[in-house]
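Participant: I'd like to go over a predicted model; first the sequence, then the structure.
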Amino acid sequence: MKASHKGRNVATGVLAGILIIGVAYGALSSAGISIVQKTTVTTTESSTTTVPVPTSSNVVNGLISVSARQYEAYQVNIPNSAYNAQLSGTFTASGGSGNDIIVYVMDATSYVNWQNGHQGSTYYNSGQTTTGSFSVNFPTSGTYYLVYSNTFSTFSTKNVNTQVNLSYTTDQQSVVTYTTTYVTS
């Protein structure tokens, strides 16, 4: 068969197919049956939510030694975005005639004043004691100090068995993305 006859045969077949589809569509339409083209629609949406994230860390844990007329200080930093910040712990002192220590919790300004022999406010002051526990809630972020003071003792080193933890909460942004797909008529 010649190429020109093949081309005519293909064209005739395509026209016949279109004609059949057209006749079928007309027959269905006149019978009250509609042919609807379906479309698939996909949408993607995102939303941001705030999730509270609790954080806990150990400030000091175990046995520390505080020499006579000395102190041990631990810096406690609370991030700007933190809230519900709490420092809690226990301690037991041994050594010397009184088996005692003084534990303070104070902000950075009071700590500097205390170091220089001046008055400062404290969030916690155990007084001279053998054992104790504390729980301090901090009103704002910032730098605070946990101090084990043996400055009152002239000769005796004090051993302090202690465990102190810091906990606070920060908010973390979480983005949730979801996709919806449906078919329209």
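Facilitator: Here it is on my side, so go on.

Participant: from here on, just use CA atoms for contacts and neighbour counts.
Facilitator: Noted.

Participant: where's the most centrally placed residue in the chain, which helix or strand?
Facilitator: Nearest residue to the geometric centre of the chain (C-alpha atoms, centre = their mean): residue 53, 3.4 Å. Assigned by DSSP states H and E, residue 53 falls within strand 39-66.

Participant: which elements pack onto that strand?
Facilitator: strand 71-78, strand 158-184 (3 or more C-alpha pairs under 8 Å, 6 or more residues apart in numbering; DSSP states H and E).

Participant: so which of the ones you listed gets nearest residue 40?
Facilitator: strand 158-184 (4.4 Å; C-alpha to C-alpha).

Participant: direction included, what does that closest one pair against?
Facilitator: strand 39-66 (antiparallel), strand 83-94 (antiparallel) (DSSP bridges).

Participant: in TSV, list those strands along with distance to residue 152 and mean pLDDT.
Facilitator: Shown next, in TSV, are those (distance: least, C-alpha to C-alpha, whole Å; pLDDT from 0 to 100):
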stretch	distance to residue 152	mean pLDDT
strand 39-66	11	89
strand 83-94	14	97
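
Participant: all set, thanks.
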